[in-house]
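Asks: need coordinates for the below:
(chains A, B and C)
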Amino acid sequence: MDNHFEMGLEDLRQKLLLMASRAETAVNDAVQALMQRHYELAMKVRADDDIIDQFEMEIDEMALQLLTKAPLASNLRLVTVAMKVSQNLERIGDEATKIAKRACDLSQEPPVKLVLDLPRLAGMALAMVKDALDAFVQRDSAAARALVPRDREVDAVNREMHAALTRHMMEHPDTISRCLHWIVAAKSLERIADHAKNIAEEVVYLCEAQDIRHHLKKTAAVPLRP
Amino acid sequence: MSNPHMEPQTDPRIALAVRGLSIFFGRQAVLKNVTLDVAAHAVTAIIGPSGCGKSTLLRALNRMHELNPGARMEGEIRLFGENIYSRGVEPVAVRRRVGMVFQKSNPFPTLSIAGNITVGLRLNGVRDKRLLAERTEESLRMAALWDEVKDRLHAPAISLSGGQQQRLCIARALAVQPEVLLMDEPASALDPLATQKIEDLIVELKKDYTVVIVTHNMQQAARASDFTAFLYLGELVEFGPTTKMFTNPSQQRTEDYVTGRFG
Amino acid sequence: MTAPNHRWRKAKNVLMQALALLCAVLVILPLLLVFFHLLSQGASSINWAFFTQLPKPVGEVGGGMANAIAGTFILISLASLLGVPVGVLGGVFLSEYSHRRLNRWIRFTADVVNGVPSITWGMVVYGLVVVPMKGFSTLAGALVLGLMMIPLIMRTTEEVLRLVPNGYREAALALGIAHWRMITQIVIRTAMKGIVTGVLLALARVAGETAPLLFTAFGNAYWTHRLTEPIAALPLQIFNYAISPYDDWHRQAWAGALILIFLVSLINLGVRVLTRDRFSRTVPQILLPGHHVANNVQPPHGTTD
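Replies: Numbering: from 1, shown residues only, chains lettered A, B, ... in the order given. Below is the predicted model of the structure:
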């Protein structure tokens, strides 16, 4: 006799993977639209965001249903992680949409004459998303742990870009609006990397039951009193 | 239970120290080399599939397994430091300190509600009526039954509903003021609302008593206990804090049982 | 479902019901016949004198069976002094203390002894008690009746105690109550009605025994003053009067039989009254007149929460 509960868990996992691939595609397309000034592609990304939002709601619904069956141990962790990961994926989708919007705007205006490191930033963010999702699929806790420090690098590149764009804006005031679009796009990529890092942290929790979030921010962790 | 063979008390946070406990019924080993510590003022749950020995382990804690003809044990169990299986220790004395509530509620049918509560005291020689009345009220309050029966203490005990009867049995066990209370699937014969009351009661009781419950319902163990022991085929597979047991067990067999892959 | 088939089934139903009713009537009929016959023959002889006067010597009309009635009561009371403690304690032993092989032999012996004809009992006690004492006596009569009561009471006590759910024993022991106290205060108390029923039924049974008393109590035309003297008893008196050639004695024999039947019926009525208790039905159905299957009767648990 089939274990219906196990089947339900598998359905949840599959749906999460579907959502992940859509989010990954959205980021890829948004970056491509931005780099290649592709208006139609950007509009497609913006329209498809609804699908990603829909996925988040369905996954939360499925997870809630599975919770009523009182899962335990690794099953319990899978369900709670699924809810968190879907939230992060939805935000990735939103950020991709923001990039797409800026791509739309920028494609209507003449390009800015500035060598930007945006492809490198985009590449790093995309790689982080892909690696986080691979770690989830393969339940590779070590790979997920390796991802976490890369977020700092992304932050650093974003700061550089921000500085470069700010300088350019000050020297060429007529490019201000276009530079602001680029700043926003870069910020979105940095946020996408953050969300990828969050997903990696959830993967570590799923595999090892270790909560590795936030532990680098404080130097001396003081437990909260109940 | 004063006895020249007793050893001085050890760690007061450990109510029952079980060491290398093995129990045989005839030639069959029902428990194999079980070692664990039951923490004082906490609820410890024993879970496992049918026939894994959980009831036998529970009954060994107050020497009730000796009612089985052909029962033999090895190892030791120390109740707050004193070995309850030493020579010269009467099972009766052990059972006054370690009480038990059973799966099927069994209030004595020829006695009233008050009669049931005080029977443990009266049949051990207590005559003081004031003391008996005090203990009756105290025990019924602790079992969350006082308000429901205070006006009919002399009604027959079997006129109560199933859930009330079980709480009466709990009050009856508490009246002799044991240090440890053992409960063998206390709510399995009850409907969900009555079960809820019993579980709430268990959590309240740990303030004053040490509680050990056997349950086949993992959700119940997760809800009501602080520590959980997982038994399989007479062996202790894993023992630890309940939260860990049910979110991240160390043993694969525990993980498989808890997620329903067997048992 | 065709119409003719339906009618045939209905007819068969009615036929079977009528047959069953007929059988029931056939069962009750002998009892009714006995009662009516006794009443018609003996009722007229029952008067105050019957209960208060001693039998008159042969030839004289009148007199009563006062000493026989009293004798029966005395005999069964004395017999109880032997039969009840030994029987009940024997039943307690069989039920509560498990020595499997020994218990099996005891039960086997009790069942065999139950089947021993009552006249044999009489002869045994004659040889063992009457001959050494060089005379018939109340003691011998009480002894033989008591001995007959023992296996009866022992078996019924054991049955009733077995029906007490083991949960009560465990609950009592878990409270730290000593084993023997648990047995007397919890188990026996719970089964008390059943035990008393068993005792009463054994009493009713031996009250009507005639043959054993022939060799032991022997009968007495006068009041008995010492336990070592013979004593009158109803069954004995009835027997003696019935085989006599005197009409007056025949009349009195009928009356005696009627009284005896009343006595036995009264005891059975007492059993009925006792066992109608609403709260604890731990009396095995096997003891109640008319039933033949022992069900495992549990005390009711009231309504759900």
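Asks: quick one: name the residues of the stretch 151-300 of chain C near chain A.
Replies: By C-beta under 8 Å from any C-beta of the partner chain, no part of the stretch 151-300 of chain C sits against chain A. Where C-beta positions appear, they are placed from N, C-alpha and C, glycine not excepted.
Asks: which parts of the stretch 151-300 of chain C are helices?
Replies: Counting by DSSP state H, counting those that start in this stretch, the segments of the stretch 151-300 of chain C that form helices are C:166-174, C:179-181, C:189-207, C:211-216, C:234-242, C:247-274.
Asks: which helices and strands sit right next to the third one?
Replies: For helix C:189-207, the elements it packs on are helix C:66-96, helix C:138-163, helix C:247-274, judged by 3 or more C-beta pairs under 8 Å, 6 or more residues apart in numbering or on different chains; DSSP states H and E.
Asks: any idea which element B:Val237 lies in?
Replies: strand B:235-241 (DSSP states H and E).
Asks: nearest to chain B: which residue in chain A?
Replies: Here chain A gets closest to chain B at one residue, A:Ala209, 3.5 Å apart by C-beta to the nearest C-beta.
Asks: give me phi/psi at that residue?
Replies: phi 60, psi 30 (degrees, to the nearest 10).
Asks: how many other residues sit next to it?
Replies: Other residues near A:Ala209 number 14, with proximity taken as other C-beta atoms under 10 Å in any protein chain shown.
Asks: show me the helices in the stretch 1-150 of chain B, by range?
Replies: Under DSSP H, counting those that start in this stretch, the stretch 1-150 of chain B gives helices at B:54-60, B:91-97, B:113-122, B:129-142, B:146-149.
Asks: pLDDT (mean, whole number) over the very next helix or strand once past the shortest one?
Replies: Tracing the chain past helix B:146-149, the next element assigned as helix or strand by DSSP H and E is helix B:162-175. Within the predicted structure, the mean pLDDT of helix B:162-175 is 94.
Asks: could I get helix B:162-175 in CSV with only the CA atoms?
Replies: Output in CSV follows, covering the C-alpha atoms of helix B:162-175 (Å, rounded to 0.1, in the frame of the first residue of the first chain):
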residue,chain,number,x,y,z
GLY,B,162,-14.6,7.1,31.4
GLY,B,163,-12.4,10.2,31.5
GLN,B,164,-13.5,11.0,35.1
GLN,B,165,-12.8,7.4,36.2
GLN,B,166,-9.2,7.6,34.8
ARG,B,167,-8.7,10.9,36.6
LEU,B,168,-10.1,9.2,39.7
CYS,B,169,-7.5,6.4,39.4
ILE,B,170,-4.8,9.1,39.1
ALA,B,171,-6.1,10.8,42.2
ARG,B,172,-6.2,7.4,44.0
ALA,B,173,-2.5,6.8,43.1
LEU,B,174,-1.5,10.3,44.2
ALA,B,175,-3.3,9.9,47.5
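Asks: now residue 122, nearest residue through space, not along the chain?
Replies: As the question left the chain open, I've gone with chain A. The shortest distance from A:Ala122 to any non-neighbouring residue, by C-beta to C-beta, 6 or more residues apart in numbering or on different chains, is to A:Val31 (4.4 Å).
Asks: I was after chain B.
Replies: Using C-beta to C-beta, 6+ apart, the nearest residue to B:Arg122 is B:Leu132, at 7.1 Å.
Asks: does C:Val58 count as helix, strand or coil?
Replies: coil (DSSP: H, G, I helix; E, B strand; the rest coil).
Asks: would you agree it is in contact with C:Tyr241?
Replies: No: with contact defined as C-beta atoms under 8 Å, C:Val58 does not count as touching C:Tyr241 (10.9 Å).
Asks: neighbour count winner among those two?
Replies: C:Tyr241 (22 against 11).
Asks: is the more buried one in contact with C:Ala253, as I believe?
Replies: Yes: look at C:Tyr241 against C:Ala253 with C-beta under 8 Å: they come within range, at 3.8 Å.
Asks: what's the offset of stretch C:77-88 from the middle of its chain?
Replies: Relative to the centre of its chain, stretch C:77-88 is centred 13 Å away, using C-alpha atoms, centre = their mean, to the nearest Å.
Asks: check which residues of it are buried.
Replies: C:Leu78, C:Ala79, C:Ser80, C:Leu82, C:Gly83, C:Val84, C:Val86, C:Gly87, C:Val88 (16 or more other C-beta atoms under 10 Å in any protein chain shown).
Asks: okay, the helices of the stretch 1-150 of chain B in TSV with mean neighbour count next?
Replies: Listed next are these as TSV, based on neighbours: other C-beta atoms under 10 Å in any protein chain shown:
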stretch	mean neighbour count
helix B:54-60	24
helix B:91-97	19
helix B:113-122	23
helix B:129-142	16
helix B:146-149	15
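Asks: turn the ones you listed into CSV, including distance to C:Ile119 and mean pLDDT.
Replies: Putting the helices of the stretch 1-150 of chain B into CSV (distance: least, C-beta to C-beta, whole Å; pLDDT from 0 to 100) gives the following:
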stretch, distance to C:Ile119, mean pLDDT
helix B:54-60, 53, 95
helix B:91-97, 50, 94
helix B:113-122, 49, 94
helix B:129-142, 56, 94
helix B:146-149, 59, 94
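Asks: dump the ones you listed into TSV; add distance to B:Gln251 as well.
Replies: Converted to TSV, the helices of the stretch 1-150 of chain B look like this (distance: least, C-beta to C-beta, whole Å):
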stretch	distance to B:Gln251
helix B:54-60	16
helix B:91-97	32
helix B:113-122	40
helix B:129-142	36
helix B:146-149	43
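Asks: if we can go back for a sec, in contact with the residue nearest to A:Ala122, which residues?
Replies: For A:Val31, the contacting residues are A:Ile99, A:Ala122, A:Leu126, A:Leu189, by C-beta atoms under 8 Å, 6 or more residues apart in numbering or on different chains.
Asks: give me the buried positions along stretch B:32-40.
Replies: By 16+ other C-beta under 10 Å, the buried positions in stretch B:32-40 come out as B:Lys32, B:Val34, B:Leu36, B:Asp37, B:Val38, B:Ala39, B:Ala40.
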